[in-house]
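**Q** Sequence first, then the predicted structure, then my questions.
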Amino acid sequence: MNQGPHDGERYPTLSEAGRAMLHRMREHPAAPRYRNQSGNRLLAEEVEQLHAYEREILQAKFQWQPGAPPPWLDAFVANVHAQVPYFRARGPEMDFAQIAPTQRADLAADIAQFVPDPVPLQRMMNFRTTGTTGHPLVLPSHPLVAARYLAHHKRALARFGVCLQHGRGQMGVMLLGMQQRCFTYVSVTPTMDESGLAKINLYPDEWRHPDDRGTYIDALQPEVIAGDPISFATLLTLDLSHRPRALLSVSMALSVGLRQALEQRFECPVLDIYSMNEAGPLAVYDPACGGHVLLQPGMYVEVLDDDGAALPMGQVGEITLTGGFNFCLPLLRYRTGDQGALAMCGDTPMIVGLQGRRPVRYRTAAGRWINNIDLTHALAGIPLSRFRVHQAADGSVRLHVPTAEAGHAAQSQAALQTTLEGLSVQVVLMDAEDKVLQYTTDLIEGLGA
């Protein structure tokens, strides 16, 4: 029987100190139920490569401005057309501005066509994404790619005067979730001398006692806490005294009110990171600049109109990406579905007026609030091409599904009603082929603080 990977495979460079850190996170009396197992899977030589990569990213300058592409763009495009099956099948390379943009639906149709030929498959990782818009994706990655996130987060933190210090025997980063179902695990970070890393779920049912949530955070004292606005709203309600050096809000739009409440409570910088699974951390909001300052010097950002034409600086359109640090998924004019305009903050490009993916909560029949991701999980096994879930001001819920997929309506309705703790769900058939915003609500509380 296959028992799956053991700690030696999950953490190839694990020392006794790292093993002790794992034990402490797992076995603390107030620890949550960790549902999953994960690890960094980094080889010793890769840890050294990452140290060099972090130094490079922290010092790198942007070589482009809106309307003036970077010098590396032509070589990147040539490599993508030569090595990536999807783009090779499109035919000869053409002028960059004439390249047809790609979008989430293209990735969802056949992700294997977007993986470059030279990428070795032996250590490739695939993970499923969920979000507030679009459908779940399976995206290719690699242990090195996953570890590179930290370098860009360090670049964002450095902008606010924070240099990470926690190392051996200390808790480095705690990731928060607030969902009925959530991937939770412990790990260590080799590039931070095996400081602890834990993904926890603040949903009360995942703990022996709800009060253990604050107790556990106070006991481990993470240097940085990362989460989304929904989990941070829950964090504000917990009885805890720990003050991290910074909070990182990722994945969803962070409101000004919630950011201010977090800053007042925890007395530390609260960074609003614009990030997505397809591209990693892209930008961080800097109040002094009035926009989200870009973090990846190797990512060229355009703003396109509906016809795919690049808009000049200051005009609002769809944020579109070329480049990136995931060598398993190089992006070429990838439409993100998010809106904004390009501007400059000193010598660094930034996005102003970002309209990203906003978190949505739903009130159940029991009066509890659940994350929209829980609805994604509820419908994940049902082959709907698209759907929309809307909660009205009176708390009633409507599920919109395509008329052609009405045969799945009853199963989808039952799944949502169960997740919403018995709340009645009305099914509405829709004929429009337009892209839909999956999760919407008329309840002010459902949009976060």
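**A** That came through fine. Numbering: from 1, shown residues only.
**Q** quick one, helices of the stretch 151-300 of the chain?
**A** 212-220, 229-235, 256-266 (DSSP state H, counting those that start in this stretch).
**Q** what's the neighbour count on the closest residue to residue 15 other than its chain neighbours?
**A** Leaving aside its chain neighbours, residue 15 sits nearest to residue 194 (6.3 Å; criterion: C-beta to C-beta, 6 or more residues apart in numbering). C-betas here are computed from N, CA, C, even on glycine. Residues near residue 194, counting by other C-beta atoms under 10 Å, number 27.
**Q** what does residue 61 give?
**A** 7.
**Q** in this structure, which ranges drop under the pLDDT threshold?
**A** Counting by pLDDT under 70, the ranges of the chain that qualify are 1-5, 130-136, 252, 356-359, 385, 432-436, 448-449.
**Q** what about the strands in the stretch 51-200 of the chain?
**A** Assigned by DSSP state E, counting those that start in this stretch, the stretch 51-200 of the chain shows strands spanning 125-129, 137-141, 171-177, 185-189, 195-201.
**Q** Go through these and pick out the most buried.
**A** Mean neighbours per residue, mean count of other C-beta atoms under 10 Å, is largest over the strands of the stretch 51-200 of the chain for strand 195-201, with a mean of 25.
**Q** Who is residue 321 paired with across the strands?
**A** residue 301, residue 334 (DSSP bridges).
**Q** How about residue 242: what's its closest non-neighbour residue?
**A** residue 218 (4.8 Å).
**Q** out of the helices of the stretch 151-300 of the chain, which comes closest to residue 128?
**A** helix 229-235 (19.2 Å; C-beta to C-beta).
**Q** now that closest one, how far from the centre of its chain.
**A** 15 Å (C-alpha atoms, centre = their mean, to the nearest Å).
**Q** counting contacts, what elements does it pack onto?
**A** strand 171-177, strand 246-249, helix 256-266 (3 or more C-beta pairs under 8 Å, 6 or more residues apart in numbering; DSSP states H and E).
**Q** What helices and strands are in contact with the last one?
**A** Right, helix 256-266. Using 3+ C-beta pairs under 8 Å, 6+ apart, helix 256-266 is in contact with helix 229-235, strand 246-249, strand 270-276.
**Q** Out of those, which is closest to residue 79?
**A** It is, among those and with distance given as C-beta to C-beta, strand 270-276, at 22.5 Å.
**Q** Let me know the angle separating the closest one from strand 125-129.
**A** 110 degrees (axes from the mean of the first three to the mean of the last three C-alpha atoms, to 10 degrees).
**Q** In the sheet, which strands lie alongside strand 270-276, parallel or antiparallel?
**A** Short version: by DSSP bridges, strand 270-276 pairs with strand 246-249 (parallel), strand 280-286 (antiparallel).
**Q** follow-up on the earlier one: between the strands of the stretch 51-200 of the chain, which gets nearest to residue 305?
**A** With C-beta to C-beta as the yardstick, what comes closest out of the strands of the stretch 51-200 of the chain is strand 137-141 (24.9 Å).
**Q** How far away from the center of its chain is that closest one?
**A** With C-alpha atoms, centre = their mean, you get 12 Å for strand 137-141.
**Q** what's the angle from it to strand 125-129?
**A** Using the same axes, to 10 degrees, strand 137-141 lies at 150 degrees relative to strand 125-129.
**Q** CA-only coordinates of strand 137-141 in PDB, if you can.
**A** C-alpha atoms of strand 137-141 as PDB (Å, rounded to 0.1, in the frame of the first residue of the first chain):
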ATOM      1  CA  LEU A 137      -7.800  25.600 -12.300                       C
ATOM      2  CA  VAL A 138      -5.100  23.000 -12.000                       C
ATOM      3  CA  LEU A 139      -1.800  24.900 -12.300                       C
ATOM      4  CA  PRO A 140       1.700  23.500 -12.800                       C
ATOM      5  CA  SER A 141       4.400  24.500 -10.300                       C
END
